[in-house]
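Novice: Structure for the following, please:
(one chain, ligands or ions: 3)
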Amino acid sequence: MKISTNQATLVDWSGEFLAVGVPAGDHHGLLEALYSRFGDGLRRQLEVQNFSGKQSELVAFSLLDIAPQLLLLIGLGEAAHLDLNGLRQAAVKVAAACRGRSGRLGLQLPWETFSPQTATYAAAEAICLSYYNDQRFRSESDISARPDELILLGLTAEAIPNLMDVHSVCAGVNLARDLVNAPANSLTPDEMAKTAQCLAEDYGLELTVLDREKCAEKGMGAYLAVSQGSALNPCFIHLTYRPPGSASHRLCLVGKGLTFDSGGYNLKVGAAQIDMMKYDMGGSAAVLGAMRSLAELQPRGVEIHAIIAACENMINGRAIHPGDIVRASNGITIEINNTDAEGRLTLADALIYAGELNPDAIVDLATLTGACLIALGDEIAGLWSPNDTLAEGIRVAAERAGEGVWRMPLPASYREGLKSKLADLRNTGPRLGGSITAALFLKEFVSQDIPWAHLDIAGTVWTDKDRGIDPAGATGFGVRTLINWVLDQSDQIDA
Ligand code: BES
Ligand code: MN
Ligand code: ZN
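Specialist: Ligands and ions are numbered 1, 2, ... in the order given. Below is the predicted model:
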């Protein structure tokens, strides 16, 4: 979908679709302007339909042979209460109403209520993301027509620089969605490495992939233990973006990359939804998606390292037994009292590896615990960090992205739950506060002087129902938060 701006407004835009956001009360006389353009019939129609501009109210008029062929009015609610998410929802409603036809969609929203740049990006992203439709696994693809051009009305091109960045952002989110939607027999650890390889070739990134032997040489006993019951090889992926010019900041993005999580001998049974566990690589998908976008956006001054310990958690005669004791690459020994708490084992070695790069910050994303779903539901990810500045930076980045994130505590007393009678640690604590002990487990593998944050995206990686911006299925959650956060780091260097 092409995106552009145009100085035309509802008074003179003559593409196939015209969509206008109308606040309750319509204090700017938008409707009067429309009546004088389209005639009093429109006024009567709106009266009949009782259109008041309340949030999400949508009316559509087919004008048949005069342009625009379709006029859409979308209610924005009270102007004083309109926030960026309200604007996104309005844009998505418009996008849905245009499904089934092609043409140019002219969209007029109160850009000036926000910074026009923020508002246009938000609306354009929301529309592009809402049209995501994964047809890769069907014999015959079933994609309905949609507008092929989005024109943001009432704006000059100069007012909105770099509008094409929206494409880079959406392509990153959609890459993450593609990876998460792909089933485990299609997206294997090898395929994940191939995706990283493609990104490296397309954007001139640096790539290192460590195979089982190389990981063994590095002593990654926790990660390799998880993969040892699978017929597929583990792939430890390290993808690096170096900025033009010099870099003064080094950032590590670590993603959980379980292409399938059966639970191991602590097999997922009953309500555990084993059939959904293809999405257990959502953290690494978000990291690769963000790398794709960032490689296009080319932020200055920041070096970005994506680190993914990809593998499957399966069962065979060589699989880990519950109770096995393994050693991570920093020497810490772990009693695996539950083979289904595998993500943290793979992340342990990935976080140690990241720490050895001496970064200024590490952010990890992981579909780590069902407990996080219970605590925060499927629209909000849990955020853990001992570092207030980093936590606030991630929170702000997520808020701007329209992605839900809530900071959670790291109480030292809960660490008791991770004590083992035999080893330095055990991999699971008590059932209560399960996502907190999981975060505390990860913390053990990050040196205290490296700012570190952990996002548990077990709930947000997937949506069962269509949410507008996120069609049902993989959400690509985390990509936009990561992009915003990295860009903020880059801007702080410039300033
Ligand atoms: N991948 C799961 C977490 C998960 C559960 C993600 C549901 C999305 C939806 C993780 O590996 C896991 O199995 N965690 C266990 C930990 C427990 C054994 C301490 C869990 O949450 O049940
Ligand atoms: Mn598991
Ligand atoms: Zn898992």
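Novice: Spell out which residues sit in contact with the closest residue to ligand 3 within the chain, please.
Specialist: In the chain, the residue that lies nearest ligand 3 is Asp261 (3.6 Å; Cβ to the ion). Placement of C-beta: from N, CA and C, glycine included. Contacts for Asp261 (Cβ atoms under 8 Å, 6 or more residues apart in numbering) come out as 268, 277, 280, 312-313, 340, 342-343.
Novice: before we move on, what about Gly86?
Specialist: Contacts for Gly86 were tallied using Cβ under 8 Å, 6+ apart; they are 55, 76-77.
Novice: Distance of it relative to ligand 2?
Specialist: Separation of Gly86 from ligand 2 (Cβ to the ion, to the nearest Å): 37 Å.
Novice: and if you look at Tyr265?
Specialist: 12 Å.
Novice: try Gly106
Specialist: Gly106 is 48 Å from ligand 2, by Cβ to the ion.
Novice: burial measure for the closest residue to that residue other than its chain neighbours, as a count.
Specialist: Closest residue to Gly106 in three dimensions, ignoring its sequence neighbours and counting by Cβ to Cβ, 6 or more residues apart in numbering: Trp13, at 4.1 Å. Residues lying near Trp13 (other Cβ atoms under 10 Å) number 24.
Novice: So Trp13 sits against Gln7, correct?
Specialist: No: checked against Cβ atoms under 8 Å, the pair Trp13 and Gln7 is beyond contact range at 9.8 Å.
Novice: Tell me the residue of the stretch 301-450 of the chain that sits nearest ligand 2?
Specialist: As assessed by Cβ to the ion, ligand 2 sits closest to Asp340 within the stretch 301-450 of the chain, at 3.9 Å.
Novice: So that residue sits against Asn266, correct?
Specialist: Yes: here Asp340 reaches Asn266: they are 4.2 Å apart, a contact under Cβ under 8 Å.
Novice: So which of the contacts of Asp261 are in helices?
Specialist: Among those, the members falling in helices (DSSP state H) are Gly343.
Novice: got a markdown table for the contacts of Asp261, with pLDDT too?
Specialist: A markdown table is the format used below for those (pLDDT from 0 to 100):
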| residue | pLDDT |
| --- | --- |
| Lys268 | 97 |
| Met277 | 98 |
| Asp280 | 98 |
| Glu312 | 98 |
| Asn313 | 98 |
| Asp340 | 98 |
| Glu342 | 98 |
| Gly343 | 99 |
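Novice: Could you identify the helix or strand that succeeds the helix or strand of the chain with the lowest mean pLDDT?
Specialist: With mean pLDDT, DSSP states H and E as the measure, the helix or strand of the chain carrying the lowest mean pLDDT is helix 40-49 (a mean of 92). Using DSSP states H and E, the helix or strand that follows helix 40-49 towards the C-terminus is strand 58-62.
Novice: Check which residues of that following strand are buried.
Specialist: 59, 61 (16 or more other Cβ atoms under 10 Å).
Novice: name the helices or strands packed onto it?
Specialist: helix 40-49, strand 70-75, helix 84-97 (3 or more Cβ pairs under 8 Å, 6 or more residues apart in numbering; DSSP states H and E).
Novice: Need the contact partners of the very next helix or strand once past the last one.
Specialist: Where DSSP H and E defines the elements, the next helix or strand beyond helix 84-97 is strand 104-108. The set of residues external to strand 104-108 that reach it, using Cβ under 8 Å, 6+ apart, is 6, 8-10, 13, 15-21, 68, 91, 94-95, 98, 123, 127, 147-154.
Novice: Considering only these, which also neighbour ligand 3?
Specialist: The overlap between those and the neighbours of ligand 3 (Cβ under 5 Å from the ion) is empty.
Novice: and those, which are buried?
Specialist: Buried among the contacts of strand 104-108 (16+ other Cβ under 10 Å): 6, 8-10, 13, 15-21, 68, 91, 94-95, 98, 123, 127, 147, 149-154.
Novice: Among these, which lie within strands?
Specialist: Among these, the subset assigned to strands under DSSP state E consists of 6, 17-21, 149-153.
Novice: biggest separation within the residues you listed, which pair?
Specialist: Of all pairs drawn from these, the greatest distance, 18.6 Å, lies between Gly21 and Glu149 (Cβ to Cβ).
Novice: Is Ser230 in contact with Ala310, as I believe?
Specialist: No: using Cβ under 8 Å, Ser230 makes no contact with Ala310, being 10.9 Å away.
Novice: out of those two, which sits in the more crowded spot?
Specialist: Here Ser230 and Ala310 are compared on neighbour count by other Cβ under 10 Å; more neighbours surround Ala310, at 30 against 22.
Novice: To which secondary structure element type does the more buried one belong?
Specialist: Taken by DSSP: H, G, I helix; E, B strand; the rest coil, the conformation at Ala310 corresponds to strand.
Novice: Ramachandran angles for the closest residue to ligand 2 within the stretch 151-300 of the chain?
Specialist: The nearest approach of the stretch 151-300 of the chain to ligand 2 comes at Asp261, 4.4 Å away (Cβ to the ion). Torsion angles at Asp261 (phi, psi; degrees, to the nearest 10) stand at phi -130, psi 100.
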